[in-house]
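1. My questions concern the predicted model and sequence given below.
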Amino acid sequence: MDNALYDYSPIVDREPIHWPDGARVAFYVGLNVEHFLVGTASTSINQATAGLVPDPLNFGWRDYGPRVGIWRMMEAFDKYGIRPSVLLNSDVVEHYPQIIEAGLARDWAWLAHGRNNSTLQADVADDERAYLRHVVDTIEKATGRRPRGWLGPALTETFRTPSLLAELGLDYTLDWTNDDQPYRLNVPGMSSVPYSLELNDLGLFTAHALSGPDFVQVVKDQLDRLYEESADSGRVMSLALHPFVTGQAFRHKYLDQALEYVANHPGVWLTTSDEIAEHYTRTSAPTAG
């Protein structure tokens, strides 16, 4: 079946997007803050043990993120004035409340990212509306703000997810990684904001085995090209990060170097996905993309 969620819209045929203060590229960090179930196969660095219960090898690798990695990454975010857009499993609220406290102190943006990253949204068999309501309400209670955006665990949805999210007061999703600009979905009140599977540490470092210097160069190349293309219409650059990947000690200086380049690049709006969605919705014509 054809995808009824959005229409085809070539980027060369659109009305120009203008970011605040003449910026050409809107940059945000999508920081995946996740909880994994100890008895369920999940994101793994070594498939040899991924099916075991328990699986200390892979669970321990993932568990490094909330215990150590995210605290190291905070240093770099603070240094360059970057407020991450936190892709938050609602189970994090219960298991790692110190992370919520640290993010609130830094005015991070909070997006709904399912209950945990061992349960895919596509596999939610019970009442999806109630499931999503629990996720959204839990995050709102913990942060004092109702999340506006959504990223499904492993970027998964059902065909009903966008409409249910709109019912719950959300107004954008990151799941459909098919553009360098926001666009409106064919669901009233819902838009898509760019996210990246390619400019994503999980793929770059674990699937493609990039070195730290290679990572820095990829970030530079992405920004330079988007800046070149944005002379007449703004672009969005997302950098997707996971604390158990980029939070490793030997990668820290490369994260620092990448963020330094972005933060000091002319024409870059250091922002959040919330602010991108709000600006786009407020300033663009209400037509689907």
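-> Sure thing, it's come through.
2. pLDDT score for the closest residue to M74 other than its chain neighbours?
-> Closest residue to M74 apart from its sequence neighbours, by C-beta to C-beta, 6 or more residues apart in numbering: A102 at 6.6 Å. Yep, even glycine has a C-beta here, placed from its N, CA and C like the rest. Here, the pLDDT recorded for A102 equals 98.
3. Next: M1.
-> 54.
4. Compute the number of surrounding residues for N58.
-> 22 (other C-beta atoms under 10 Å).
5. Verify the stated contact: it with A48.
-> No - look at N58 against A48 with C-beta atoms under 8 Å: they stay out of range, at 9.4 Å.
6. does the residue nearest to M74 sit in a helix, a strand or a coil?
-> helix (DSSP: H, G, I helix; E, B strand; the rest coil).
7. Going along the chain, name the helices of the protein.
-> Assigned by DSSP state H, the helices in the chain fall at 56-64, 70-79, 91-95, 97-105, 128-143, 161-167, 201, 212-229, 252-263, 273-283.
8. Select, out of the ones you listed, the one closest to N116.
-> Nearest to N116, of all the helices of the chain, is helix 91-95, at 4.5 Å by C-beta to C-beta.
9. Relative to the whole chain's centre, how far out is the closest one?
-> 18 Å (C-alpha atoms, centre = their mean, to the nearest Å).
10. circling back: wait, doesn't the residue nearest to M74 sit right on M73?
-> No - assessed by C-beta under 8 Å, A102 is found out of contact with M73, at 10.9 Å.
11. ok, these two, which is more surrounded?
-> M73 (25 against 14).
12. Return the most buried member of the helices of the chain.
-> Mean neighbours per residue, mean count of other C-beta atoms under 10 Å, is largest over the helices of the chain for helix 201, with a mean of 22.
13. contacting residues around stretch 249-262?
-> With contact meaning C-beta atoms under 8 Å, 6 or more residues apart in numbering, stretch 249-262 is reached by 27, 72-73, 75-77, 79-80, 82, 205, 212-213, 215-216, 219-220, 223, 237, 239, 241, 245-246, 268, 270.
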